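In: from the sequence below, what's the structure:
(2 chains)
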Amino acid sequence: MIGQSLRDLWFGFGVALEPHNLLWSFLGVLLGNLIGVLPGMGALTAISMLLPLTYTMAPVPAILMLAGIFYGSQYGGAIGAILLNMPSHPPHAVTCLDGFPMTRQGKGGTALGITMMASFFAASCGIVVMIFASPLLVRFAFRFGPVEIFSIMLLGLLAGATMSRGSPLKGIAMTAVGLLLSMVGTDINSGVLRFTFGLPELMDKLELVALAMGLFGVGDFLLNVNRIRHVSGEARVRLRDIRPSAAEVRQAFWPMVRGTLVGTLFGAMPGTGPTITTFIAYVVERKVSRTPQRFGNGALEGVAAPEAAAHAKTQIDFIPTMSLGIPGDAVMALILGALLIQGIQPGPQLITEHADLFWGLIASFWVGNVLLVVLNVPLIGIWVKLLRVPFRFMYPAALFFIAVGVYSTNNSLFEIYEVLFFGVAGAIFLVLDFPVAPILLGFVLGPLVEENFRRAMLMAHGDLTVFLRSPISLVFMMASALLLAAQAAFGIRGALRGRQTGLVPRGPALHNVADVE
Amino acid sequence: MTTITARTKDAIGGALMIALGVFAVVQGWSYRIGTVSQMGPGFFPTAIGCVLILSGLGIVLGPLLAQASQARQAIAAEWRGQLCIVLSIVAFVVLGRFTGLLPATFAIVFIAALGDRQNTLRSTLALAVVMMLVAVVVFWWALKIQLPLLAWGGS
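Out: Prediction:
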């Protein structure tokens, strides 16, 4: 079985190294890195801005490019977090805690080098896990019918709603809003028009890109305009600063391993956000350290562990996303949306039916991470300059890219109004302390949830106990119940002790997606 | 500067969710609901609407049970910036429809950039011109966007 996986992986490398695919992967990493470095632009913004570009491409290069954008922007975000204390992607709020103090001590280059190492190490481990896990999943996943799929989706939605930061109830409400939004348009079973308000443009569903760009792009700009001021950083990084010394590598090694473990564990759990993962990696590191007082003052371990966790999670997250159709977070939801647009139905069959896609993607992680290292060594100087592009020039340009990008998705000017609508709505939700990422999760999963629930009920003649009679489904249902019970218990305990203090530390400086996850 | 407590925020947010939920239930009711084994198009919207109403109630009532902190947070509306962003997007759509890509590009960048208090007229103009160049080279020439560069009267 493992032999088969290795052969498949070899085949995957063949796919990923095809010049044509390699080129798109490279382009994705480059563009992702470029956008990720810009202040206030995270992985979500990068992917949703570039998503329309992939619509016309074949599925394999499209997904490889999106994956490249994803880890490119994640790495780009780490640069901003470490050098300027500006987390533009939620998990990096944790990296800031020790990364920025390191920069202040003149060790910003080392922190970046360690980040690069940690991400490469974690990604490699993630690939090994995928090699072992995917054949198991294939065997297991063929027993999934509508009943099981609905149960696991419910678990994924609940986890996504309650495990991100902020009040779990608000998360659930936002997930419901996302589900509701996914129903706009023509109902596939009956042809009835739902929530179209007589607008012919709405008959064909809301546009995923418009929703994502509105919530994460325009919504953010509306809140940040005239608030983000130019951050003067004394960030000066030279090429030779990046290479960590042997002692530093030794110091960072075990934190990297532990971070990877945390990331792997959480990656396998559908619906757990990346912020929680990085934060737990950080806390674990502080707990095992003999000198916990160094944390927050530029401890190398405090950069290595969360970054490793974030990247390991990124890799492992693709397993539930592609094999079960359950995205781990909003970014994965976007990638899932891209798969659906390409006409690829994620599910247990994907690994066997689209072997080139699945194994090509796994191989491309590794290739992409090599590209990332290769790119960042010469380009770090340029990234540092880009970090200083003032927000006042960036957001008008970004608005233009958003408008043109959304227009080109379907050649529809109407969808730009959708962006505006969701931008304003997203800003209102953010001001009221609602997390907006679950909306995207609900929106992408909505049609699948409804369809599978309908089918399950049709086959069981409306007998709801069918969800408890299938053993697989029972496990997921129990996990969902446990999750709700735990959240309720936390909530009541919090209420008794006074206002709940958030589990995750608030990121400094920016009021943006970092607060949203 | 207006200030607001977390409790007020929850009250507004919860009420908003309840309103959305009621709307979904009312709308869902008007499509056919059907039975559990033969669900109509109205079944899911109604169910989701109920979830929204329940969670909205929880959000409103939750802080009343706890001793919520009375700390007031400042919220300052940034009317100039926000208005400019909204207007710039509307301008892009309207000008895109009636006059083509170039005026639309100029409008969205120019109007949006005016929203920032630190931008001068000169830097704003320069930014808009640069973005027009990008529009022509990247989107019109390289990516063959469907909007004409210049048009009159709409399509």
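
In: just the C-alphas of the lowest-mean-pLDDT helix or strand in chain A, formatted as PDB.
Out: Ranked by mean pLDDT, DSSP states H and E, the helix or strand of chain A with the weakest confidence is helix A:348-353, at a mean of 76. Output in PDB follows, covering the C-alpha atoms of helix A:348-353 (Å, rounded to 0.1, in the frame of the first residue of the first chain):
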ATOM      1  CA  PRO A 348     -13.200  10.000  -1.800                       C
ATOM      2  CA  GLN A 349     -13.000   9.300  -5.500                       C
ATOM      3  CA  LEU A 350     -10.800  12.300  -6.200                       C
ATOM      4  CA  ILE A 351      -7.600  10.500  -5.100                       C
ATOM      5  CA  THR A 352      -8.200   7.700  -7.600                       C
ATOM      6  CA  GLU A 353     -10.100   9.500 -10.300                       C
END
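
In: for that helix, which outside residues touch it?
Out: Residues from elsewhere that reach helix A:348-353 (Cβ atoms under 8 Å, 6 or more residues apart in numbering or on different chains): A:134, A:137-138, A:140-142, A:144, A:322-324, A:344, A:357-358. C-beta: built from backbone N, CA, C; applies to glycine.

In: could you rerun that using 10 Å?
Out: A:8, A:134-135, A:137-144, A:148-149, A:319, A:321-325, A:339, A:344-345, A:347, A:357-359 (Cβ atoms under 10 Å, 6 or more residues apart in numbering or on different chains).

In: tell me which helix or strand comes right after that helix.
Out: For helix A:348-353, the succeeding helix or strand toward the C-terminus, using DSSP states H and E, is helix A:355-386.

In: what about that following helix, average pLDDT?
Out: When pLDDT is averaged along helix A:355-386, the result is 81.

In: what's the helix or strand for the closest residue to chain B within the stretch 401-517 of chain A?
Out: Distances between the stretch 401-517 of chain A and chain B by Cβ to the nearest Cβ are smallest at residue A:462, namely 3.2 Å. Following DSSP H and E, one finds residue A:462 outside all helices and strands.

In: need the outlier residue of chain B, farthest from its centre.
Out: residue B:37 (37.4 Å; Cα atoms, centre = their mean).

In: leaving out sequence neighbours, find the closest residue to that one.
Out: The shortest distance from residue B:37 to any non-neighbouring residue, by Cβ to Cβ, 6 or more residues apart in numbering or on different chains, is to residue A:462 (3.2 Å).

In: and the one you found, how close does it get to residue A:253?
Out: Applying Cβ to Cβ, to the nearest Å, the value for residue A:462 to residue A:253 is 57 Å.

In: with residue A:130 instead?
Out: On the measure of Cβ to Cβ, residue A:130 and residue A:253 end up 22 Å apart.

In: helices or strands up against the lengthiest helix in chain B?
Out: Criterion DSSP state H: the longest helix present in chain B is helix B:6-30. The helices and strands touching helix B:6-30, judged by 3 or more Cβ pairs under 10 Å, 6 or more residues apart in numbering or on different chains; DSSP states H and E, are helix A:168-182, strand A:193-194, helix A:414-431, helix B:43-65, strand B:72-75.

In: any chance of the ones you listed in JSON lines with mean pLDDT as columns?
Out: Below are the helices and strands packed on helix B:6-30 laid out as JSON lines (pLDDT from 0 to 100):
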{"stretch": "helix A:168-182", "mean pLDDT": "91"}
{"stretch": "strand A:193-194", "mean pLDDT": "87"}
{"stretch": "helix A:414-431", "mean pLDDT": "92"}
{"stretch": "helix B:43-65", "mean pLDDT": "88"}
{"stretch": "strand B:72-75", "mean pLDDT": "65"}
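
In: state the pLDDT value of the residue of the stretch 401-517 of chain A closest to chain B.
Out: The model's pLDDT for residue A:462 equals 81.

In: for residue A:393, same thing?
Out: Looking at residue A:393, its pLDDT reads 84.

In: next SSE downstream of the helix or strand of chain B with the lowest mean pLDDT?
Out: In chain B, no helix or strand scores lower on mean pLDDT, DSSP H and E than strand B:72-75, which sits at a mean of 65. Using DSSP H and E, the next helix or strand after strand B:72-75 towards the C-terminus is helix B:79-98.

In: format the CA atom coordinates belonging to that next one as PDB.
Out: Taking C-alpha atoms only, helix B:79-98 is exported to PDB below (Å, rounded to 0.1, in the frame of the first residue of the first chain):
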ATOM      1  CA  TRP B  79     -17.000  59.000   6.600                       C
ATOM      2  CA  ARG B  80     -14.700  60.600   4.100                       C
ATOM      3  CA  GLY B  81     -12.700  57.400   3.400                       C
ATOM      4  CA  GLN B  82     -15.600  55.100   3.500                       C
ATOM      5  CA  LEU B  83     -17.800  57.300   1.200                       C
ATOM      6  CA  CYS B  84     -15.000  57.600  -1.300                       C
ATOM      7  CA  ILE B  85     -14.400  53.900  -1.400                       C
ATOM      8  CA  VAL B  86     -18.200  53.200  -2.000                       C
ATOM      9  CA  LEU B  87     -18.500  55.900  -4.600                       C
ATOM     10  CA  SER B  88     -15.400  54.800  -6.400                       C
ATOM     11  CA  ILE B  89     -16.800  51.300  -6.900                       C
ATOM     12  CA  VAL B  90     -20.100  52.700  -8.100                       C
ATOM     13  CA  ALA B  91     -18.300  55.000 -10.500                       C
ATOM     14  CA  PHE B  92     -16.300  52.100 -11.900                       C
ATOM     15  CA  VAL B  93     -19.500  50.200 -12.700                       C
ATOM     16  CA  VAL B  94     -21.400  53.200 -14.200                       C
ATOM     17  CA  LEU B  95     -18.400  54.500 -16.200                       C
ATOM     18  CA  GLY B  96     -17.500  51.000 -17.200                       C
ATOM     19  CA  ARG B  97     -20.900  50.400 -18.700                       C
ATOM     20  CA  PHE B  98     -21.200  53.700 -20.500                       C
END
